[in-house]
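Chemist: Okay, structure incoming, though there's no sequence with it:
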Ligand code: TYM
């Protein structure tokens with residue numbers, strides 16, 4: 001069977017990069033695959049989190065899933081910390097991962113570079129991520145480009161475990177879309193759009209108001225050539241905006257080029273803002289309805305039951321394969 005699993009960390013407010021690279025893909029793929037979408041809260045605490053904020057943001061990510069159009073009747077939506085098998089298989093995956101492999105992860109290097117008090121868990125994070133995926137026997141994992149190295153490691157760990165202990169895990173494939181897999185900052189097309197950028201105009205948040213969105217796009221950097229043309233090599237800033245238009249407006253990049261042929265950047269940016277606003281407004285409305293609701297609690301409780309059932313089966317198989325004494 002074809003199964004997907006993926007998730008968005010509850011750290012920082014969600015920006016439209018995460019929507020483009022991940023959430024919008026989840027919504028699309030739920031119809032093709034049996035789906036598990038989770039909130040990786042255990043991953044969030046690899047860096048310090050304020051308990052109140054972690055609590056609220058975890059609900060928020062789950063609310064975005066539903067608000068963006070994931071159908072909780074079809075897909076399983078759950079919180080990672082409510083499924084203990086993640087931590088347990090995470091430990092087992094740490095026994096399979098090599099120090100050198102983890103040390104090569106570029107996200108670890110970026111996140112630890114120049115910092116003091118880096119947690120051990122930030123280093124072993126990819127082993128936990130592998131367990132997230134392998135527990136559900138996911139065949140596919142939709143992610144943005146920055147997660148592909150972690151996916152490669154997951155595949156290596158699955159292969160390694162299977163060859164040592166017998167076929168236990170499905171070896172998953174990443175799904176990385178051409179459009180939207182790497183949304184760049186509005187202030188610099190060489191830096192990923194990220195909430196950690198101190199310049200607030202560099203990103204658009206899922207909850208930004210229309211006036212804010214219009215202002216941020218009007219200030220987005222472009223180039224001096226004046227043509228709305230899709231060409232990452234020579235026009236990265238404009239290409240980034242074209243991808244956003246394409247994704248939010250559900251048209252091809254060629255259509256965007258044709259539509260704004262000879263029109264200059266002013267008209268293009270104005271319409272881009274409207275296209276993004278049109279997509280975000282209904283999501284924002286539904287988000288506010290659901291985020292603190294009992295309805296969301298019920299979805300998450302139901303999701304945790306289903307997830308515990310699925311994950312439990314795989315964990316037991318993995319433990320048996322390794323030789324642990326189990327009574328089932
Ligand atoms: P996270 O929370 O940093 O990001 C969530 C997803 O959003 C994508 N993304 C982007 N895509 C395009 N442009 C951007 N600017 C952008 N910013 C973020 C990310 O690629 C990701 O797909 N380790 C993961 C969370 C995780 C996970 C998993 C994902 C934990 N376990 C198992 C998949 C499967 C992370 O930190 O993503």
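Modeler: Good, I have the coordinates. All of these numbers come straight from a predicted model, not from anything done at the bench.
Chemist: OK, contacts around the closest residue to the ligand within the chain?
Modeler: Closest contact between the chain and the ligand, by Cβ to the nearest ligand atom, is at residue 21 (2.0 Å). Bear in mind the C-beta positions are built from the backbone N, C-alpha and C, glycine included. By Cβ atoms under 8 Å, 6 or more residues apart in numbering, residue 21 lies in contact with 143-146, 177, 180-183.
Chemist: Over to residue 174?
Modeler: 140-143, 147-148, 151-152.
Chemist: hang on, the earlier thing: leaving out chain neighbours, which residue sits closest to the residue of the chain closest to the ligand?
Modeler: Nearest residue to residue 21, sequence neighbours excluded (Cβ to Cβ, 6 or more residues apart in numbering): residue 144, at 2.8 Å.
Chemist: my guess is the one you found meets residue 178, correct?
Modeler: No - with contact defined as Cβ atoms under 8 Å, residue 144 does not count as touching residue 178 (12.0 Å).
Chemist: The two: who's more crowded?
Modeler: Shown here are residue 144 and residue 178; by other Cβ atoms under 10 Å, residue 144 has more neighbours (22 against 8).
Chemist: quick one: that one from residue 106, how far?
Modeler: Residue 144 sits at a distance of 14 Å from residue 106 (criterion: Cβ to Cβ, to the nearest Å).
Chemist: Repeat that for residue 204.
Modeler: 25 Å.
Chemist: So for those two, which residue has more residues nearby?
Modeler: residue 204 (25 against 10).
Chemist: OK, contacts around the more buried one?
Modeler: Applying Cβ under 8 Å, 6+ apart, the residues near residue 204 are 15-16, 186, 193, 212-213, 216-217, 276.
Chemist: Now it: closest residue in space, sequence neighbours ignored.
Modeler: residue 16 (4.8 Å).
Chemist: Report pLDDT for that neighbour.
Modeler: For residue 16, the pLDDT comes out at 98.
Chemist: mind listing what it touches?
Modeler: 183, 193, 203-206, 244, 248, 276, 280.
Chemist: Could you do residue 166 as well?
Modeler: Residue 166 neighbours (Cβ under 8 Å, 6+ apart): residue 321.
Chemist: can you pull out the helices in the stretch 1-150 of the chain?
Modeler: 16-18, 24-29, 41-44, 51-68, 85-96, 99-103, 106-112, 120-134, 148-165 (DSSP state H, counting those that start in this stretch).
Chemist: And the last one, what does it pack against?
Modeler: Spelled out, that is helix 148-165. helix 85-96, helix 99-103, helix 106-112, helix 120-134, strand 173-175, helix 294-322 (3 or more Cβ pairs under 8 Å, 6 or more residues apart in numbering; DSSP states H and E).
Chemist: pretty sure residue 180 is touching residue 249, no?
Modeler: No - using Cβ under 8 Å, residue 180 is not in contact with residue 249; the gap is 11.9 Å.
Chemist: More neighbours: those two, which one.
Modeler: Each of residue 180 and residue 249 has its neighbours counted (other Cβ under 10 Å); residue 180 has more, 22 against 18.
Chemist: For residue 246, which non-adjacent residue is spatially closest?
Modeler: residue 253 (4.9 Å).
Chemist: Then residue 124?
Modeler: Using Cβ to Cβ, 6+ apart, the closest residue to residue 124 is residue 94 (5.3 Å).
Chemist: neighbours around the one you found, how many?
Modeler: 17.
Chemist: touching the ligand at all, the worst-scoring helix or strand of the chain on mean pLDDT?
Modeler: Least confident helix or strand, the chain: helix 106-112 with a mean of 95, by mean pLDDT, DSSP states H and E. No - against the ligand, helix 106-112 shows no contacts by Cβ under 6 Å from any ligand atom, the least distance being 7.6 Å.
Chemist: Show me which positions of that helix end up buried.
Modeler: 108, 111 (16 or more other Cβ atoms under 10 Å).
Chemist: Likewise for stretch 207-214?
Modeler: Result for stretch 207-214 [16+ other Cβ under 10 Å]: buried residues 207-208, 212-214.
Chemist: Please enumerate the strands of the stretch 201-328 of the chain.
Modeler: Using DSSP state E, counting those that start in this stretch, no strands are found in the stretch 201-328 of the chain.
Chemist: Helices of that one, start to end?
Modeler: Going by DSSP H, counting those that start in this stretch, the stretch 201-328 of the chain shows helices at 210-219, 236-249, 253-259, 264-290, 294-322.
Chemist: Does anything pack onto the second one? Which helices or strands?
Modeler: Contact here means 3+ Cβ pairs under 8 Å, 6+ apart; on that basis helix 236-249 packs against helix 253-259, helix 264-290.
Chemist: 10 Å instead?
Modeler: Here helix 236-249 touches helix 16-18, helix 24-29, helix 253-259, helix 264-290, going by 3 or more Cβ pairs under 10 Å, 6 or more residues apart in numbering; DSSP states H and E.
Chemist: contacts with the ligand among the contacts of residue 204, please.
Modeler: residue 193.
Chemist: ok, which pair from the contacts of residue 204 is furthest apart?
Modeler: 193 and 212 (15.1 Å; Cβ to Cβ).
Chemist: Against residue 213, how distant is the residue nearest to residue 246?
Modeler: Using Cβ to Cβ, we find residue 253 at a distance of 21 Å from residue 213.
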